[in-house]
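Engineer: how would this look folded up:
(chains A and B)
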Amino acid sequence: MSYPTTWSPPTFFGNRFVRYAVLLAVIGYFVFSYLTLDADWQRILKGIPRAMDIFERMFPPDFSRWKLLARGVLESVQMAFAASFFGMIIAIPVGLCAAGNLVPKPLYYAGRFFLGVSRTFHEIIIAIFFVKIFGFGPLAGVLTLIVASFSFIGKMLAEDIENMRPGKLEAIKATGASFPKLLLYAVQPHILPRYIGVSIYRLDANIRHSTVVGIVGAGGIGQTLAASFSRYDYGFSFAILATIVSLVFLGEFFSNWIRGRLR
Amino acid sequence: MTENTLHHDYPQIWKRYTPMETLKRYLGYAAIVFIAVWSVSNLEIPWFYFLDAHVQAADLLERMVPPHWPFWRKIVDPLIETLHIATLGTVFTVFIAFPIAILSARNTTFNRTTWFIGRLILVTSRSVNTVVWGLLFVAIFGPGPVAGIFSVAARSIGFVGKLIAEAIEEIDHGAVEAIEATGASGLKVLLIGVLPQVMPVIMGTIIYRWDINIRESTVLGFVGAGGIGIVLYSSINLFAWHEVSVILLSIFGVVIVSEYLSIKVRSKIT
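Structural biologist: As a prediction, this is how the structure comes out:
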């Protein structure tokens, strides 16, 4: 009998040939990217001592300008609250339009397209346009976060409505309810838990994103952070970063707690 | 007579909530509105900016249309660089995220301290935005795509690691015990008992993160971390809006294609 004397675990790719082909493709890609990446290796090798230097200057974090820090953080949090609130409201009509089982086809395609476009561009790109139109400051940041919020919540809403069992809608329709009443008595009870859950998640995501729109001048703590980096004021940068991390940690804890209680 | 009082005790119209529940709900709504109003009023928003917003928007649109098409020659290379930043950053993420996920999963971590360290790394990685990581890595490695790759990886570790850790906490413990019973070392238990069970989650998460990373790496150039963002930033600063519209259309195309690919591949895996 010639049983194999060694055992090797089965591979993820099903058979050996696929596995080797994938491996080869990955190596080929690495070579290709190495050849096309425009990287200054001399400069990068200098990075390790530089990193040590930067970390040395980050410690200890410099909280002496805590007033500036607190004002920036408060502005970020207020931007997140305002943006989540308006995002939640705008998400309802947009989400309804993008639900295939509620609205006629042309409106559905329009809704989906609108959601698709508003989700494609990174917040910072959107922020640049709002800064151009509305000037520097938190207003541009809030508008940016509103776009990010309603597209996210709206997409979730549309998916949740499409996953509804048709029976719920039919039961209310059979009572002779008008369209608004259909929304109020069939759709609303179905989507409310998910809607609130997603909105709270979005609030927590907005707190994270509100720290970055400031880099292009749209208000919040990001503006202070970018300024401290460009002035090589790493001690203050670290203080800001530590504050952001603890703020996000708190926000996440709070959002988990609320979502746990709602369930 | 008793019949009459009974009729009076019960409401004639059906309501979903009791008055107390209704009151609580309205108090909740009022609190939400209060927070929103407080936030907006504290932001000191210059409302008169809205007055000429439509003029500004029309002006911007006029400058962007028609797009300056011959500009596409200058954005092909930066676009490829953007794809490289996203892809290489995501590839590096896998190798770092799996060990950290093992530390952060309750059933595979060594003790409470290692669990806490793992969680701290994941939270830190996730709470700092890719672009902010970009600021840090540009300071370390100098401007260029390498800083971009590091920032993409630094941000993705938290996202991928958290999802892998959750998957590890839900694995079938029997398989792990079976491997342990053969006398395998700790490392082998992880590689043969744990890794294959979470492999679909790892692959799915990585591909999902890859298409998010493409979106993120389009703006890394704003802080000098390589990719199409550098070209976009300089075109914006030069007010070359008809070039900006070409770049935006190209980004739109790349993001849509990558999202489509990512959805296709993920539906095959799971």
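
Engineer: tell me, how many residues neighbour residue 186?
Structural biologist: Using chain A. 21 (other CB atoms under 10 Å in any protein chain shown). In this view, the C-beta of every residue, glycine as well, is placed from N, C-alpha and C.

Engineer: switch to chain B, please.
Structural biologist: A count of neighbours around B:Gly186, defined by other CB under 10 Å, yields 10.

Engineer: any idea how far B:Phe98 is from it?
Structural biologist: Between B:Gly186 and B:Phe98 the distance, using CB to CB, to the nearest Å, works out to 15 Å.

Engineer: wait, B:Leu43 sits on A:Val77?
Structural biologist: No: under the contact definition of CB atoms under 8 Å, B:Leu43 does not touch A:Val77, with a separation of 10.6 Å.

Engineer: can you name the helix or strand that A:Ile240 falls in?
Structural biologist: Using DSSP states H and E, A:Ile240 falls within helix A:234-262.

Engineer: how about that helix, does it reach chain B?
Structural biologist: Yes: legend: contact between helix A:234-262 and chain B by CB under 8 Å from any CB of the partner chain is shown at A:234, A:237, A:241, A:244-245, A:247-249, A:252.

Engineer: hmm, which of those are the buried ones?
Structural biologist: With burial judged by 16 or more other CB atoms under 10 Å in any protein chain shown, the buried subset of the residues of helix A:234-262 next to chain B is A:234, A:237, A:241, A:244-245, A:247-249, A:252.

Engineer: please see if the host helix or strand of B:Leu88 touches chain A.
Structural biologist: Taking DSSP H and E as the definition, B:Leu88 sits inside helix B:72-104. Yes: judged by CB under 8 Å from any CB, helix B:72-104 and chain A are in contact via B:77, B:80-81, B:84, B:87-88, B:91.

Engineer: just the buried subset of these, please.
Structural biologist: With neighbours counted using 16+ other CB under 10 Å, these contain these buried positions: B:80-81, B:84, B:87-88, B:91.

Engineer: show me which of these is closest to chain A.
Structural biologist: If you rank those by distance to chain A using CB to the nearest CB, B:His84 comes first, at 4.7 Å.

Engineer: find the nearest non-adjacent residue to the closest one, please.
Structural biologist: Nearest residue to B:His84 in three dimensions, chain neighbours excluded: A:Ser33, at 4.7 Å (CB to CB, 6 or more residues apart in numbering or on different chains).

Engineer: was I right to think that neighbour contacts B:Ala86?
Structural biologist: No: with contacts defined as CB under 8 Å, A:Ser33 does not count as touching B:Ala86, sitting 11.0 Å away.

Engineer: neighbour count: the two, which is higher?
Structural biologist: Looking at A:Ser33 and B:Ala86 with other CB under 10 Å, you find the greater number of neighbours at B:Ala86, namely 28 against 19.

Engineer: quick check: the gap between the more buried one and chain A.
Structural biologist: 11 Å (CB to the nearest CB, to the nearest Å).

Engineer: what does stretch B:251-268 rub up against?
Structural biologist: Contact partners of stretch B:251-268, identified using CB atoms under 8 Å, 6 or more residues apart in numbering or on different chains, comprise A:116-117, A:120-121, A:125, B:79, B:82-83, B:204, B:207-208, B:210-211, B:214-215, B:218, B:228, B:232.

Engineer: let's see that with 6 Å instead.
Structural biologist: Contacts of stretch B:251-268 from elsewhere in the structure, counted by CB atoms under 6 Å, 6 or more residues apart in numbering or on different chains, are A:120, B:204, B:207, B:211, B:214-215, B:218.

Engineer: what of stretch B:166-182?
Structural biologist: Contacts with stretch B:166-182, where a contact means CB under 6 Å, 6+ apart, come from B:105-108, B:189, B:192-193, B:197-198, B:201.

Engineer: ChimeraX command to pick out the buried ones of the contacts of stretch B:251-268?
Structural biologist: The buried subset of the contacts of stretch B:251-268, as determined by 16+ other CB under 10 Å, is captured in ChimeraX by this line:
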select /A:120 /B:204,207,211,214,215,218
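
Engineer: of the contacts of stretch B:251-268, closest to A:Leu23?
Structural biologist: The shortest gap between A:Leu23 and any of the contacts of stretch B:251-268 belongs to B:Ile207, at 17.3 Å (CB to CB).

Engineer: got a list of what that closest one touches?
Structural biologist: B:Ile207 sits in contact with B:262, B:265-266, where contact means CB under 6 Å, 6+ apart.

Engineer: helix or strand right after the strand or helix carrying it?
Structural biologist: Under the criterion DSSP H and E, the helix or strand holding B:Ile207 is helix B:195-217. With elements assigned by DSSP H and E, the helix or strand that comes after helix B:195-217 is helix B:228-237.

Engineer: which other residues reach that following helix?
Structural biologist: The contact list for helix B:228-237 (CB under 6 Å, 6+ apart) reads B:75, B:78-79, B:82, B:218-222, B:243-244, B:247.

Engineer: again, only this time at 8 Å
Structural biologist: For helix B:228-237, the external contacting residues (CB under 8 Å, 6+ apart) are A:125, A:128, B:74-75, B:78-79, B:81-82, B:217-222, B:224, B:241, B:243-244, B:247-248, B:250-251.

Engineer: pLDDT of that helix, averaged?
Structural biologist: Summarised as a single mean, pLDDT over helix B:228-237 is 91.

Engineer: can you give me the angle that helix makes with helix B:195-217?
Structural biologist: In this structure, helix B:228-237 runs at an angle of 20 degrees to helix B:195-217, with axes from the mean of the first three to the mean of the last three CA atoms, to 10 degrees as the basis.

Engineer: which stretches of the stretch 151-263 of chain A have low pLDDT?
Structural biologist: Within the stretch 151-263 of chain A, the ranges that satisfy pLDDT under 70 run A:263.

Engineer: which elements pack onto the helix holding A:Ile240?
Structural biologist: When contacts are defined as 3 or more CB pairs under 8 Å, 6 or more residues apart in numbering or on different chains; DSSP states H and E, helix A:234-262 packs onto helix A:47-58, helix A:66-97, helix A:188-210, helix A:221-230, helix B:112-127, helix B:130-141.

Engineer: hang on, the earlier thing: got a markdown table for the contacts of stretch B:251-268, with distance to A:Val94 and pLDDT too?
Structural biologist: Formatted as a markdown table, those follow (distance: CB to CB, whole Å; pLDDT from 0 to 100):
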| residue | distance to A:Val94 | pLDDT |
| --- | --- | --- |
| A:Thr120 | 15 | 85 |
| B:Gly204 | 28 | 89 |
| B:Ile207 | 27 | 91 |
| B:Asp211 | 22 | 89 |
| B:Ile214 | 24 | 93 |
| B:Arg215 | 20 | 91 |
| B:Thr218 | 24 | 92 |
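
Engineer: looking at the contacts of stretch B:251-268, which two lie furthest apart in space?
Structural biologist: Every pair in these was compared (CB to CB); the two farthest apart turn out to be B:Gly204 and B:Thr218, at 23.1 Å.

Engineer: good, we can wrap up now.
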